[in-house]
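Engineer: Kindly return the folded structure for what I paste below:
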Amino acid sequence: MTETEAKAEAVRHWWDKAHESLDAARRELAAGAHAFAVNRAYYALFYAVSALLLQEGRRFRKHSGVRAALNREIIKTGRIGRKFGDLYNELFDDRHAGDYIAFTKFDAPMCRRRLKLAKSF
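Structural biologist: Predicted coordinates for the structure are as follows:
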């Protein structure tokens, strides 16, 4: 396998994971597991952005690196609308709160809005 083929396969892998995570977010929302729905929605965007950046030859080991590159190289340059940058940043913060801060709760309407935007991302 050539380097180009390997990169293309890795990009497809991250896009597949993005779609799987979005599907999981919908299932978690339907089950009333809002914190898990937020977690999976964040990961859907994280994987999608990772695929986009990898396609351009960029790799990051940390979530903060992906977030910074998204804001600096994609949102700030106008390649993707600001609303999607805001969504990514909100989900980044919400996922962190839901995973690490006790008693964090999310409501269904907020989750539905974020999932709808994540799907259009």
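Engineer: Determine the longest helix present in this protein.
Structural biologist: Secondary structure assigned by DSSP state H gives helix 3-30 as the longest helix of the chain.
Engineer: Any buried residues in it, and which?
Structural biologist: 11, 14, 15, 17, 18, 21, 22, 24, 25, 26, 28, 29 (16 or more other Cβ atoms under 10 Å). Yep, even glycine has a C-beta here, placed from its N, CA and C like the rest.
Engineer: Neighbours of the residue nearest to the second one when sequence neighbours are not counted, how many?
Structural biologist: Spatially, and ignoring its direct neighbours in sequence, residue 14 is nearest to residue 51 (3.7 Å; Cβ to Cβ, 6 or more residues apart in numbering). Applying the criterion other Cβ atoms under 10 Å, we find 18 residues in the vicinity of residue 51.
Engineer: was I right about residue 87 contacting residue 118?
Structural biologist: Yes: counting by Cβ atoms under 8 Å, residue 87 does reach residue 118; the two are 6.8 Å apart.
Engineer: Overlap in contacts, the two.
Structural biologist: Common contact partners of residue 87 and residue 118 (Cβ atoms under 8 Å, 6 or more residues apart in numbering): residue 45.
Engineer: quick one: which of the two has more around it?
Structural biologist: Comparing residue 87 with residue 118 by other Cβ under 10 Å, the one with more neighbours is residue 118, at 24 against 20.
Engineer: so where does the residue nearest the centre of the chain fall, helix or strand?
Structural biologist: Among the residues of the chain, the one closest to the centroid is residue 45, at 1.6 Å (Cα atoms, centre = their mean). Assigned by DSSP states H and E, residue 45 belongs to helix 34-55.
Engineer: Tell me the helix or strand right after that helix.
Structural biologist: Next helix or strand after helix 34-55 toward the C-terminus (DSSP H and E): helix 63-69.
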